[in-house]
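Colleague: I would like to see how this sequence folds:
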Amino acid sequence: MDTEEQARAYAEADFSESNSLFMRLLARHASGGLPGTAALDLGCGPADIVHRLLRTYPRLHCDALDGAMTMLEQARTTLEAGGEPFAGRWQLIHDRLPSSRLEGCRYDLILSNSLLHHLHDPQVLWQTIRTQANPDALVLVMDLFRPPSAGWAEALVETYVADEPEVLRSDFRHSLFAAYEPCEVVEQLNTAGLEGFEVGVVSDRHLAVWGRMPG
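Modeller: Purely as a prediction, here's the structure:
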């Protein structure tokens, strides 16, 4: 999402269904309460998830990281629209993983939505989580999973982005093919020493990873 065209198309697209799913998953896994007030969103994009997070959990402060300045410009607009209730509760970080900007920071809640399939080495995500998480931190990662056939992928494109600009349709198609299968994500977690995390398919195109860091 490095170009202005990509960022604008992504920010203007309707991701309310998948973002609402993400928030429902978070509510389910945080049903006993959040373990603290410091949150980190990895790959925040235009920050719709961060906006929803701050609105839902008024004691939370969230650092939001993304590698594309064009996306962070959209994120700033989104979060500034939150007005006074959001004041002093968010920080945007322009960097890629692994990020030296996070050095020394620890978080009680670490989130990521639709970042994993963009990473050439998925371990940079899992190792960042291990490094930045406080004991008992809650982790929720959601991403696309790779469809079993090209026909399935094309059906998803037609179902969800048929009316979107071509740049978004192309990005979504490429993202589906770049995404990981659930069994591959399980292997990634085992390699990262996060065997206690759970992996599940949560929609016709999404998988989720959730768990608590050891106390």
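
Colleague: who touches stretch 174-189?
Modeller: 114, 116-118, 122-123, 126, 143-147, 153, 156-157, 195, 197, 199-201, 205, 207, 209 (Cβ atoms under 8 Å, 6 or more residues apart in numbering). No exception for glycine: its C-beta is placed from N, CA and C like everyone else's.

Colleague: same check, this time on stretch 101-111
Modeller: Residues from elsewhere that reach stretch 101-111 (Cβ under 8 Å, 6+ apart): 22, 26, 30, 34-42, 49, 53, 60, 63, 65, 93, 95, 128-129, 131-134, 136-141.

Colleague: again with stretch 120-137
Modeller: 35-36, 38, 40, 42, 97-99, 102, 105-110, 112, 115-116, 119, 139, 141, 180, 185, 188-189, 191-194, 212-215.

Colleague: wait, Val157 sits on Phe172?
Modeller: Yes - counting by Cβ atoms under 8 Å, Val157 touches Phe172, with 5.9 Å between them.

Colleague: so where's the protein uncertain?
Modeller: Residue ranges of the chain with pLDDT under 70: 1-14.

Colleague: what are the pairing partners of the longest strand anywhere in it, and which direction each?
Modeller: Assignment by DSSP state E gives strand 133-144 as the longest strand of the chain. Strands that pair with strand 133-144, judged by DSSP bridges, come out as strand 107-113 (parallel), strand 206-212 (antiparallel).

Colleague: circling back to that earlier point, out of the contacts of stretch 101-111, which are buried?
Modeller: Among those, those classed as buried by 16 or more other Cβ atoms under 10 Å are 22, 26, 30, 34-36, 38-42, 49, 53, 60, 63, 65, 93, 128-129, 132-134, 137-141.

Colleague: those in strands, which ones?
Modeller: Among the buried ones among the contacts of stretch 101-111, the members found in strands (DSSP E) are 38-42, 63, 65, 93, 133-134, 137-141.

Colleague: and which of the residues you listed is nearest Ala81?
Modeller: Comparing these against Ala81 with Cβ to Cβ places Asp41 closest, at 16.9 Å.

Colleague: mind listing what that closest one touches?
Modeller: Counting by Cβ under 8 Å, 6+ apart, Asp41 touches Ala47, Ile49, Val50, Leu53, Cys62, Asp63, Ala64, Leu65, Leu111, Ser112, Asn113.

Colleague: who is Cys62 paired with across the strands?
Modeller: Ala39, Trp90.

Colleague: from Val141, how far off is it?
Modeller: As judged by Cβ to Cβ, to the nearest Å, Cys62 and Val141 stand 16 Å apart.

Colleague: for Arg76, same thing?
Modeller: Computed as Cβ to Cβ, the Arg76 to Val141 distance reads 24 Å.

Colleague: again with Leu116
Modeller: Counting by Cβ to Cβ, the gap from Leu116 to Val141 is 7 Å.

Colleague: quick one: end-to-end distance for stretch 92-106.
Modeller: Across its full length, stretch 92-106 reaches 16 Å between end residues, using Cα to Cα, to the nearest Å.
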